[in-house]
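Asks: kindly return the folded structure for what I paste below:
(one chain, ligands or ions: 2)
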Amino acid sequence: MTKKIEAILREEKLDVVMAALRDIGIVGMNVIEVRGHGRQGGIELVGRTGSYHVDLLPRVQLNIVLSDHNVDRTVDTICKAAQTGNIGDGLIFIYPVDEVVRIRTSERGRQALTYAGDIDTR
Ligand SMILES: Nc1ncnc2c1ncn2[C@@H]1O[C@H](COP(=O)(O)OP(=O)(O)OP(=O)(O)O)[C@@H](O)[C@H]1O
Ligand SMILES: [Mg+2]
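Replies: Numbers count the residues shown, from 1 in each chain. Ligands and ions are numbered 1, 2, ... in the order given. I've put the predicted structure just below:
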């Protein structure tokens, strides 16, 4: 089975998370800038003219499609690298993926998810 990990992270944690993932052999990924809020519904900022509410906070979304036997290790690695212990550290969502197709070769499934030197070849 193939899964997709969608991790919402603090922007300043992206570099350290990517380095940690590289160390365990995660190769293919996709990063998107997003704005959102969790259960606190944004934050209250105090400025010179008073305080105001910011609804949507900038975050990065890191997407990785991988074999399910690598999911736990990858999620643990992301958590360790991304955690500050403060509210707003982010969330990780895990989805099933029906199919993967590498366009250049028309390879499908596991073949399309094989990368030289990746987590499965270590
Ligand atoms: N239910 C959700 N669905 C989709 N995206 C979400 C959801 N909740 C949070 N997010 C995204 O994740 C980001 C970080 O959320 P956040 O870490 O604040 O989660 P939380 O559940 O409020 O946990 P905490 O109490 O640690 O703050 C949000 O800014 C938003 O982009
Ligand atoms: Mg929150």
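Asks: what's the local residue count around Asn63?
Replies: When neighbours are counted by other CB atoms under 10 Å, Asn63 registers 15. Placement of C-beta: from N, CA and C, glycine included.
Asks: and what of Glu107?
Replies: 14.
Asks: so what pairs up with it in the strands?
Replies: Following DSSP bridges, Glu107 is listed with bridge partners Arg102.
Asks: can you tell if stretch 49-65 touches ligand 1?
Replies: Yes: using CB under 6 Å from any ligand atom, we find that stretch 49-65 touches ligand 1 at Leu57, Arg59.
Asks: what residues does that stretch touch?
Replies: For stretch 49-65, contacts defined as CB atoms under 8 Å, 6 or more residues apart in numbering pick out 2-11, 14, 17-18, 21, 26, 28-37, 41-45, 74, 78, 88, 90, 97, 100, 113.
Asks: where do the helices of this structure begin and end?
Replies: 14-24, 71-82, 109-112 (DSSP state H).
Asks: and the first one, what does it pack against?
Replies: Identification of packing neighbours for helix 14-24 by 3 or more CB pairs under 8 Å, 6 or more residues apart in numbering; DSSP states H and E yields strand 57-67, helix 71-82.
Asks: of all these, which one comes closest to ligand 2?
Replies: strand 57-67 (8.7 Å; CB to the ion).
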